[in-house]
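Chemist: Below are the sequence and a predicted model; questions follow.
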Amino acid sequence: MDNTQDLCDVEGDADGRNNTSSTSSTSGSSSYRLFGRKTSVHQMIGGGKAADVMLWKRRQVSCGIIVVATVAWLLFERSGLSFLSICSDVLLILIVLLFLQANYAVFRNKQPHRLPELVLSEEMVNNAAASFRVKINYVLLMAHDITFGNDFRLFFKVMVCLWLLSVIGSVISFFTLAYIGTILSITVPALYNRFDDRVDRYAGFIHQKFSKHYKIVDESVISRFPQNLSKDKDS
């Protein structure tokens, strides 16, 4: 009887450990958040009117962007006209229509529609320039490290990304890529905001699998390359 009770206790402990490990792995994947977000999707993409448009809280504007992007893509890709020709034609038609509307209002003794004045404030320009300067300095620092062999892993990642961009560019045109990016920026955030729990759960599972494979590749291939080739040459 004592031996039977001990065996039951051992089996119970084993089942408890298995349940604990499965629960921990499940909780680990469920606690994963895509892009490491700690706030809502609306706040993650910047908030404001742009976030409202991307999350379809302003449906008319979102639908208008999709329609305009589709029409522009059809004009650029199917008409055979160049980008400069289409932009010149659109601006010419717009200016002629505004000119005729203003003169027609004067002819009918009506008050012409006043167009809003578009003025860039000094603060807006300074903020944009400061943000642009920080990004450019970061890119230049990265290029310096890659050029002088200070970080071989970064060099390898940049080479792979540039190769992928070259392959994508050889398959589709720039306007098609811009159109796809526009459609994805309008649809993907809204879908993620609606099904964020499911997406985070599957993304956590994929992230765990990818981390295991990347760890194997890093230990067997990438880690064997020196991080600083210049130092190795000097030594």
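Modeler: Everything's here; your move. Residues are numbered from 1 along each chain as shown.

Chemist: gap between stretch 164-173 and the chain center?
Modeler: For stretch 164-173, the gap between its own C-alpha mean and the chain's C-alpha mean amounts to 18 Å (Cα atoms, centre = their mean, to the nearest Å).

Chemist: can you tell me the average pLDDT over that stretch?
Modeler: On average, the pLDDT along stretch 164-173 is 85.

Chemist: what comes into contact with that stretch?
Modeler: 77, 177, 180 (Cβ atoms under 8 Å, 6 or more residues apart in numbering). Every residue, glycine included, has its C-beta placed from N, CA and C.

Chemist: With secondary structure and pLDDT as added columns, please give those residues in a markdown table.
Modeler: Converted to a markdown table, these look like this (DSSP: H, G, I helix; E, B strand; the rest coil; pLDDT from 0 to 100):
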| residue | secondary structure | pLDDT |
| --- | --- | --- |
| Glu77 | helix | 80 |
| Leu177 | helix | 86 |
| Ile180 | helix | 90 |
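
Chemist: List just the nearest of the residues you listed to Gly64.
Modeler: Set against Gly64, the nearest of those by Cβ to Cβ is Ile180 (18.4 Å).

Chemist: quick check: domain ranges of the chain?
Modeler: Structurally, the chain divides into domains by the TED database as follows: 57-81+174-218, 83-110+136-171.

Chemist: Out of these, which is the most enclosed?
Modeler: Among those, the stretch with the highest mean neighbour count (mean count of other Cβ atoms under 10 Å) is domain 57-81+174-218, at a mean of 14.

Chemist: Following element in sequence after whichever helix or strand Ala105 is part of, please.
Modeler: Applying DSSP states H and E as the criterion places Ala105 in helix 83-107. Scanning the chain past helix 83-107 towards its C-terminal end, the next helix or strand to appear is helix 122-147 (assignment: DSSP H and E).
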